[in-house]
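Peer 1: how would this look folded up:
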Amino acid sequence: MTTPSVTTGMLIRRPVSEVFQAFTEPGVTSWFWFTHADRRLTVGSEATWTWGMYGVSTRVAVKAMTSDRRILIDWHLEDHPSEIEILFEERGRSTWVEIINRGFEDTEDGMAAALDAKEGFALVLAGAKLWLEQAIEPRFVLDRFPDQVREDWKLR
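Peer 2: Reported below is the predicted structural model:
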C-alpha cells in the first residue's frame, strides 16, 4: 500500500540553471513563494521558511540535491511531515519543473492535505513562471487566503 502523493509541473521559459537557483536562493524564492528564509538550500542543510503574511514557518531539511536537476527535502508544515521532490528538466532555453509531494496519511484528512498541497504547488510554479519570465511579482500565495492574512501584514 502506498501513501498518497501529488505531482504538478510547469514549463518555465528560462535556462535550467536560473530556474534551479530560483528554488535554492531565498532572495529569489521569496518573490514567488515564501516571504523569508534563513539560508540558501544546500545538501545537508536545514532552513526555516516563513510566510510572514500568515505567521507560519516550517523547517526544511535538504536530503539530496543535484545541481540543475533535483532538490529533495523533508518538511513539517503545520505538523504534517512530508517529502518534496523538485525536478528540473532542461528543454532548450526552457525548463520543465515538476514538484512531487509524498508522505500524506492514507486517511480522509491526508487526502484533503494532498489536494491542498497540489493546489499550493501549482500556485508556486505559476508564481515562479511569472517572476522568472516577466519580472512581475505574483501575489498568488498572499492572495490565496486573504482572510487569514495577519492584520499587521495588511498594513504594509
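Peer 1: Please report how far R13 lies from A135.
Peer 2: R13 sits 13 Å away from A135, going by Cβ to Cβ, to the nearest Å. The C-beta positions use only the backbone N, C-alpha and C, and glycine is treated the same way.
Peer 1: next one: F104
Peer 2: The value you get for F104 to A135, if Cβ to Cβ is used, is 35 Å.
Peer 1: same question, H80
Peer 2: 33 Å.
Peer 1: and the longest helix along the chain, what does it pack onto?
Peer 2: Longest helix in the chain by number of residues (criterion: DSSP state H): helix 108-134. Applying 3 or more Cβ pairs under 8 Å, 6 or more residues apart in numbering; DSSP states H and E, we find helix 108-134 packed against strand 5-12, helix 16-24, strand 94-102, helix 140-144.
Peer 1: Tell me which of the ones you listed approaches G110 most closely.
Peer 2: strand 5-12 (10.6 Å; Cβ to Cβ).
Peer 1: Would you mark the buried spots in the closest one?
Peer 2: Counting neighbours by 16 or more other Cβ atoms under 10 Å, one finds that the buried residues in strand 5-12 are S5, V6, T8, M10, I12.
Peer 1: and if you look at stretch 17-37?
Peer 2: Under the neighbour-count rule (16+ other Cβ under 10 Å), stretch 17-37 has 19-24, 26, 28-29, 31-35, 37 buried.
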